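Q: The following comprises the amino acid sequence and a computationally predicted model.
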Amino acid sequence: MVFAIADYFKYREHKGRYSFSALEKKGGRLATKENFPKPEEIPPCSTMFHHSFNSFISWLVMYYTTGAWAHCAMFTKNGYLVDMTTAGKIKHPFSDYLDGNGYIAIYSLRNLKKENWDDAVAIIEKDIGKEYGYLGVIIKFLKIILGFTEEYRLRFSFDIFILCALLYVGCIFSNVRGAVLITAVSFYTLIVIANILRSRLSGKAVRF
């Protein structure tokens, strides 16, 4: 909780990995039409990474994935890209992102030949209209905070422990039994410790 709040302020103040210089080192440019004047020339299968300036949801994604990009989409042809949004899988103009409210990095496949563009586009555009996978996002989040993925950081657990301590204090003052909360925290701690040990045994360092 404390670490999350501190990181959120860094995000709002554009510091650390959220700074303009850090984003530019990763190939990012301010999302304006001047910086991306000819989107129709971007080859299919290029991947767009987006960093939004003032989005709490985007910050949550970046905090728990420990990255600087909150969203990605893939280009088709003529300046269009296929995007998985909360409204589902859609196809829309890349120019929709060029509002100056973020940074964008684009990475292209150098070995994709033009004669294969149509096949690549067909694969990208498959399942347009598919609903957003909320369940998959929840499962991914749980795997991260439980230590099952490489994105796990010790500070995630400290945030959870601090939040649970505050909730437990609330239980005391409200005469609500905190046994369920204590049991849940105990199980969470055991799972995290087991995953940390598993990571150490496999030679992977657990970062803070």
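A: Done, it's in. This structure is a prediction, so every number in the text was calculated from the model and none was measured.
Q: and the gap between residue 159 and residue 74?
A: According to C-beta to C-beta, to the nearest Å, residue 159 and residue 74 sit 33 Å apart. All C-beta spots, glycine's among them, are computed from the backbone N, C-alpha and C.
Q: How about residue 18?
A: Counting by C-beta to C-beta - residue 18 and residue 74 are separated by 24 Å.
Q: mind listing what's buried in the lowest-mean-pLDDT helix or strand in the chain?
A: Comparing helices and strands within the chain by mean pLDDT, DSSP states H and E singles out helix 154-173 as the least confident, with a mean of 84. By 16 or more other C-beta atoms under 10 Å, the buried positions in helix 154-173 come out as 155-157, 159-160, 164, 171.
Q: mind giving me the domain split of this protein?
A: Recorded structural domains for the chain (assignment: automatic domain parsing) are 2-132, 135-201.
Q: So which of these has the densest surroundings on average?
A: Among the domains of the chain, judged by mean count of other C-beta atoms under 10 Å, the one packed with the most neighbours on average is domain 2-132 (a mean of 15).
Q: Residue 89: what secondary structure?
A: What DSSP: H, G, I helix; E, B strand; the rest coil gives for residue 89 is strand.
Q: so what's it closest to, chain neighbours aside?
A: In this structure, residue 89 finds its nearest non-sequential neighbour in residue 130, 4.4 Å apart by C-beta to C-beta, 6 or more residues apart in numbering.
Q: Pretty sure that neighbour sits against residue 87.
A: No - Residue 130 sits out of contact with residue 87 when judged by C-beta atoms under 8 Å, with a separation of 10.8 Å.
Q: where do the contact lists of the two overlap?
A: Where contact means C-beta atoms under 8 Å, 6 or more residues apart in numbering, no residue is in contact with each of residue 130 and residue 87.
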